[in-house]
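A.B. asks: give me coordinates for this.
(one chain, ligands or ions: 1)
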Amino acid sequence: MKFCVTTPIYYINGDPHIGHAYASIAADIIARFARLDGLEVHFSTGTDEHGIKVARSAESVDMDVHEFSDIMSKKFRDMSDKINMSYDDFIRTTEKRHEKAAQTLWKMIEKDIYCDTYAGWYSARDEEYVTESDIVDGKTTNGAPVEWMEEASYFFRLSDYQDKLLDWYEKNPNFILPTSRRNEVISFVRSGLKDLSISRSKFTWGIPIPHLDGHVMYVWIDALTNYITSLGYPDPEKADYIAEMMKSCVHVVGKEILRFHAVYWPAFLMSAGLPLPKRVYAHGWWTSEGQKMSKSVGNVVDPHEVIGEYGLDPVRYFLFREIKFGEDGDFSRSAIEKRISFDLANDLGNLVQRVLAFIQKTDGRLVVDYDFSADERTLFENSRSLVSRMRPLMDKQDLHASLSTVWELIAESNKFVNDMRPWELVKNNPKKLNKVITALCESIRSIGFGLAPFMPDTARKIFDFINVDGKLFQEIQSDFVNQNFRAPFMLFPKKS
Ligand code: ME8
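C.D. replies: Residues are numbered from 1 along each chain as shown. Sure, this is the predicted structure:
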């Protein structure tokens, strides 16, 4: 079965920060879970390089825009690698393959395009047309400055798609998640859709429009097309693959760009006769130490810096444990430090350490005994069923609840150790000890798998301790055999 997941492609006007890393890690968790479940995954990310905003940023540092784009796009690729993203494709909108895809899509929707003049307000920061009613004190509701724009432009008949979109949302109730966001989109569409200006004529940093000299594409139609460029559009030989991937595709986006993905993008796809994605998931925004991240406040969280300080997996863990996926959160040092010492070092680290170090004390050998009594059976069954409890949550991208399910098994396993007191069993009931340790190895293996999408390096360490391959969830269903284990090391050493 095929599965596709995407991140937004990021504007390259500034350096990547923790908000970009967050969206990318979210999509990575979703991609990794699907791969462990045996699906054929296409996971794409990349950079959105055209538009006024990027052109002006290059200008402000006196650089050629191509050269500027190469340098800035590389910073996003470096961030992607730094956060251990398992992407299959890093797409840049300045690539030839993308120009071809965007121009082909334009041709496919040409029947819905007409020429007129755009006269109205525009926010370069959000690369967005703004209506008069959304402007307060010369700024958009997002606080972005606006400028007056008047130019010849091609328009897409978005107004023709109002009913079709409403019908789609009704027939596909999980197309937009979380549900609260879905309701916002539906009321926006119900309130009436205006035709959308999709070309620029007073400006050149964009994809040229075939046969329409002097016009480049509006940066959003260009950017949204990246999702199908990455799948191989418009190669006719890839048509079936693209269709199948699109139907299973989850677009992870920030809440501020939901409208582009849940209204404009499906309308373009409908017009082009292409399949719509399965879902658009809108996540929330991070502030830093209680304030909006901004260069002038000096509180922008640099992923390289926090990963250097706390380690990658603790940062990945924190971002998805601290807040519900979909809601806003605050990145603070005290909060991440608390999570590291309680959840990671105490709960997870101690469990793995105390069980595996104990096995070392008893010859380093696991002697399996699956002839469980009720005590061990409960832990065993809860371990084997962990992934099937996570799966329905992951199907709705409820990353937070899914991760909490892993922590419930960690808590249950720690309680099991305390109740069973293996250090006493070693002296007075070795038969029972083997059952207790077998059940605990089962739980540690399942915990490793539950963690693997979220904290891949930590999961790998756990798998190596207990000789587990760790490539597919399926492995959880096999019995352990008698074997020697290597001595474990601390997963989350306390900082001195
Ligand atoms: O909008 N908290 O690019 P962009 C959480 N190029 N997430 C954040 C965040 C924060 N403080 N700041 C940014 C664009 N993000 C377009 C997208 S897609 C076809 C084109 C994340 O560089 C969030 O996912 O402004 C947001 O949607 C994305 O970065 C936008 O990045």
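
A.B. asks: isn't residue 271 up against residue 112?
C.D. replies: Yes: using CB atoms under 8 Å, residue 271 makes contact with residue 112 at a distance of 4.8 Å. (C-beta placed from N, C-alpha, C; glycine too.)

A.B. asks: what sits in contact with each of the two?
C.D. replies: Common contacts of residue 271 and residue 112 (CB atoms under 8 Å, 6 or more residues apart in numbering): residue 156.

A.B. asks: number of nearby residues for the closest residue to the ligand within the stretch 1-150 of the chain?
C.D. replies: Closest to the ligand within the stretch 1-150 of the chain is residue 19: 2.1 Å, counting by CB to the nearest ligand atom. Residue 19: 20 surrounding residues under other CB atoms under 10 Å.

A.B. asks: got the contact list for it?
C.D. replies: 254, 285, 286, 293.

A.B. asks: what kind of secondary structure is it in?
C.D. replies: The assignment at residue 19 comes out as helix when based on DSSP: H, G, I helix; E, B strand; the rest coil.

A.B. asks: ok, now how distant is it from residue 446?
C.D. replies: Separation of residue 19 from residue 446 (CB to CB, to the nearest Å): 32 Å.

A.B. asks: residue 414 reaches residue 348, doesn't it?
C.D. replies: No: using CB under 8 Å, residue 414 is not in contact with residue 348, being 9.3 Å away.

A.B. asks: who has more neighbours, those two?
C.D. replies: When residue 414 and residue 348 are compared for neighbours, residue 348 comes out ahead with 25 against 18, by other CB under 10 Å.

A.B. asks: so who does that one touch?
C.D. replies: Neighbouring residues of residue 348 by CB under 8 Å, 6+ apart: 410, 447, 451, 458, 491, 492.

A.B. asks: name the SS class of it, please.
C.D. replies: helix.

A.B. asks: could you say which helix or strand contains residue 222?
C.D. replies: helix 219-224 (DSSP states H and E).

A.B. asks: repeat for residue 314
C.D. replies: Assigning secondary structure by DSSP H and E places residue 314 in helix 312-321.

A.B. asks: please save the CA atoms from that helix in PDB.
C.D. replies: The C-alpha trace of helix 312-321 is given here as PDB (Å, rounded to 0.1, in the frame of the first residue of the first chain):
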ATOM      1  CA  LEU A 312      18.200  15.600  19.000                       C
ATOM      2  CA  ASP A 313      15.800  12.900  20.400                       C
ATOM      3  CA  PRO A 314      15.000  14.900  23.600                       C
ATOM      4  CA  VAL A 315      14.000  17.900  21.400                       C
ATOM      5  CA  ARG A 316      12.000  15.700  19.100                       C
ATOM      6  CA  TYR A 317      10.300  14.200  22.100                       C
ATOM      7  CA  PHE A 318       9.600  17.500  23.800                       C
ATOM      8  CA  LEU A 319       7.900  19.000  20.700                       C
ATOM      9  CA  PHE A 320       5.300  16.200  20.500                       C
ATOM     10  CA  ARG A 321       4.900  15.500  24.200                       C
END
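
A.B. asks: what packs against it?
C.D. replies: Packing contacts for helix 312-321, counted by 3 or more CB pairs under 8 Å, 6 or more residues apart in numbering; DSSP states H and E, involve helix 18-36, helix 303-310, helix 333-339, helix 399-420, helix 456-465.

A.B. asks: roughly how far is stretch 237-253 from the heart of the chain?
C.D. replies: 17 Å (CA atoms, centre = their mean, to the nearest Å).

A.B. asks: quick one: end-to-end length of that stretch, please.
C.D. replies: One end of stretch 237-253 sits 29 Å from the other (CA to CA, to the nearest Å).

A.B. asks: so what touches it?
C.D. replies: Stretch 237-253 is contacted by residues 1-8, 23, 26-27, 30, 42, 227-228, 231-233, 261, 265, 269, 274-283, 397 when judged by CB under 8 Å, 6+ apart.

A.B. asks: same deal with stretch 219-229?
C.D. replies: The contact list for stretch 219-229 (CB under 8 Å, 6+ apart) reads 6, 9, 44, 46, 48, 50-52, 91, 93, 95, 97-98, 101-102, 105-106, 127-128, 156, 198, 206-207, 233, 242, 246, 249, 251, 260-261, 264-265, 268, 274, 277.

A.B. asks: give me that answer again for 6 Å
C.D. replies: With CB atoms under 6 Å, 6 or more residues apart in numbering as the test, stretch 219-229 has contacts from 6, 9, 48, 50-51, 91, 93, 97-98, 101-102, 105, 127, 198, 207, 260, 265.

A.B. asks: give me the subset of the residues you listed touching the ligand.
C.D. replies: 9, 48 (CB under 6 Å from any ligand atom).

A.B. asks: how about the residues of this structure by the ligand?
C.D. replies: Neighbours of the ligand within the chain, by CB under 6 Å from any ligand atom: 8-11, 19-20, 22-23, 48, 223-224, 226, 253-254, 256-257, 285-286, 293.

A.B. asks: show the buried residues in those.
C.D. replies: 8-11, 19-20, 22-23, 48, 223-224, 226, 253-254, 257, 286, 293 (16 or more other CB atoms under 10 Å).

A.B. asks: quick one, strands of the stretch 201-350 of the chain?
C.D. replies: Under the criterion DSSP state E, counting those that start in this stretch, the stretch 201-350 of the chain carries strands at the ranges 216-217, 249-254, 279-283, 286-288, 329-331.

A.B. asks: got a markdown table for these, with mean pLDDT too?
C.D. replies: Shown next, in a markdown table, are the strands of the stretch 201-350 of the chain (pLDDT from 0 to 100):
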| stretch | mean pLDDT |
| --- | --- |
| strand 216-217 | 96 |
| strand 249-254 | 98 |
| strand 279-283 | 98 |
| strand 286-288 | 95 |
| strand 329-331 | 95 |
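
A.B. asks: got any ranges where the chain has weak pLDDT?
C.D. replies: 495-496 (pLDDT under 70).

A.B. asks: check it for me, the residue farthest from its geometric middle.
C.D. replies: residue 428 (50.1 Å; CA atoms, centre = their mean).

A.B. asks: distance check, that residue against residue 417.
C.D. replies: 17 Å.

A.B. asks: again with residue 127
C.D. replies: Separation of residue 127 from residue 417 (CB to CB): 55 Å.

A.B. asks: ok, now residue 10?
C.D. replies: 44 Å.

A.B. asks: cool, residue 198 as well?
C.D. replies: For residue 198, the distance to residue 417 - CB to CB - is 61 Å.

A.B. asks: tell me which of those two has more neighbours.
C.D. replies: residue 198 (25 against 19).

A.B. asks: could you find the closest non-adjacent residue to the more buried one?
C.D. replies: Take residue 198 and drop its neighbours on the chain: the residue closest to it by CB to CB, 6 or more residues apart in numbering is residue 218, 4.5 Å away.

A.B. asks: count of neighbours near the one you found?
C.D. replies: Neighbours of residue 218 under the rule other CB under 10 Å: 26.

A.B. asks: next one: residue 465
C.D. replies: If we define neighbours as other CB under 10 Å, then residue 465 has 23 of them.

A.B. asks: quick check: closest non-adjacent residue to it.
C.D. replies: residue 488 (4.9 Å).

A.B. asks: among the contacts of residue 348, which pair sits farthest apart?
C.D. replies: Comparing all pairs in these by CB to CB, the longest separation belongs to 447 and 492, at 14.1 Å.

A.B. asks: for stretch 183-197, buried residues please.
C.D. replies: For stretch 183-197, by 16+ other CB under 10 Å, it's 185, 186, 189, 193, 195, 196, 197.
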